[in-house]
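1. Have a look at this prediction, sequence included:
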Amino acid sequence: MPFIKTLTAAAVGFTLALGAQAACLTQAQVQEMADHYFAKTPAPNFARQSDKDAACTRDRFNKLLAAHYGKVVGYKAGLTNPATQKKFNTNQPAWGVLYEGMIQPSGYTTAPNFGARPLFEADMLVRVKDAGVNQAKTPEEVIAHIDQVIPFIELPDLIVQAPPKLDGAGVNAINVGARLGVAGTPIPVPAAGMDRYVMLAQLANMHIKVSNQQGEQIGAGKGSDILEHPLNAVVWLAQALRKEHRQMKPGDLISLGSFSALMPPKPGLTATVTYEGLSGAQPVVVNFK
């Protein structure tokens, strides 16, 4: 009898393992999602996944994105704002890959329907200076290993027919909705000393405003909305990448996440994001025509 019970337990465990493995979307399912992504039409929602299965789905999806967008230029940390986490019923961030063809210059013009489920948000990039960033555990350590802070408007695409049904793992599976982004003028990170500490304080305390072409405010946030300090997104990302045997490399661009709410683009809208309180920050602009 003990042997039979052991066999039964093993069979149940094997079945559960198979079930967990099967939850990663098949190549055919990922191809269907990619076909919708490139056609800019909403893809069917998929069943809820574990974090492991979502990472598997993301990796399969990213191989198809890479064939279209070119080389990897960095990563995006998503769901780093508690308000955004709540929207997707999770309490942790997610990450995706950024590709060369996704990053556009400030003043970029695109159609409002640039994706299947297009949105825009106030964001920020930092550029990795050296591989030491992968061991950083605090914003003070991160800033020693980056050389630029870059105003950024992200233009994500939630892809699926019913985005509200996505949870944190689902957002991860779709590469955190990476589609496009508009990068502004880089701000050099001070080499050392008190100026670096001043930038750290400014990043936490800055006020981010999103305005339309009439100068009316349509969105806002502050630096500390991202994990209490925006550079904590890099700390989290380093840890998350390590779990999947990856690391950030010199020159990589890292998107830190949402300062503002996710907003739908509208025809004729020109959105400008400003970073009040951050020395040297120039506005970044995107046009929806």
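-> Sure thing, it's come through. Numbering: from 1, shown residues only.

2. C-alpha only now, for contacts and for neighbours.
-> Fine.

3. How far off centre is stretch 212-232?
-> 16 Å (CA atoms, centre = their mean, to the nearest Å).

4. after the least confident helix or strand in the chain by mean pLDDT comes which helix or strand?
-> Sorting the helices and strands of the chain by mean pLDDT, DSSP states H and E puts helix 2-22 at the bottom, at a mean of 39. Downstream of helix 2-22, the next assigned helix or strand under DSSP states H and E is helix 27-39.

5. Would you indicate which residues of that next one are buried?
-> For helix 27-39, the neighbour count (16 or more other CA atoms under 10 Å) marks 29, 30, 33, 34, 36, 37 as buried.

6. again with stretch 125-144
-> In stretch 125-144, counting by 16+ other CA under 10 Å, buried: 125-130, 132-134, 136-137, 139, 141-144.

7. and what of stretch 76-96?
-> 76-85, 88, 93-96.

8. Span of it from start to end?
-> End-to-end distance for stretch 76-96, by CA to CA, to the nearest Å: 5 Å.

9. Name the surrounding residues that touch that stretch.
-> Residues outside stretch 76-96 that contact it (CA atoms under 8 Å, 6 or more residues apart in numbering): 58, 75, 97-98, 164-169, 171-172, 175-178, 225-227, 233-234, 237, 240, 254-259, 261.

10. Run the chain-centre distance for the strand ranked longest in the chain.
-> The longest strand of the chain (DSSP state E) is strand 146-155. In this view, strand 146-155 has its centroid 12 Å away from the chain centroid, taken as CA atoms, centre = their mean.

11. continuing past it, what's the next helix or strand?
-> Following strand 146-155 toward the C-terminus (DSSP H and E): helix 168-173.

12. returning to that earlier point: which of the buried residues of stretch 76-96 sits closest to residue 25?
-> Set against residue 25, the nearest of the buried residues of stretch 76-96 by CA to CA is residue 96 (16.8 Å).

13. hang on, the closest one in a strand?
-> Yes. Counting by DSSP: H, G, I helix; E, B strand; the rest coil, residue 96 is found in a strand.
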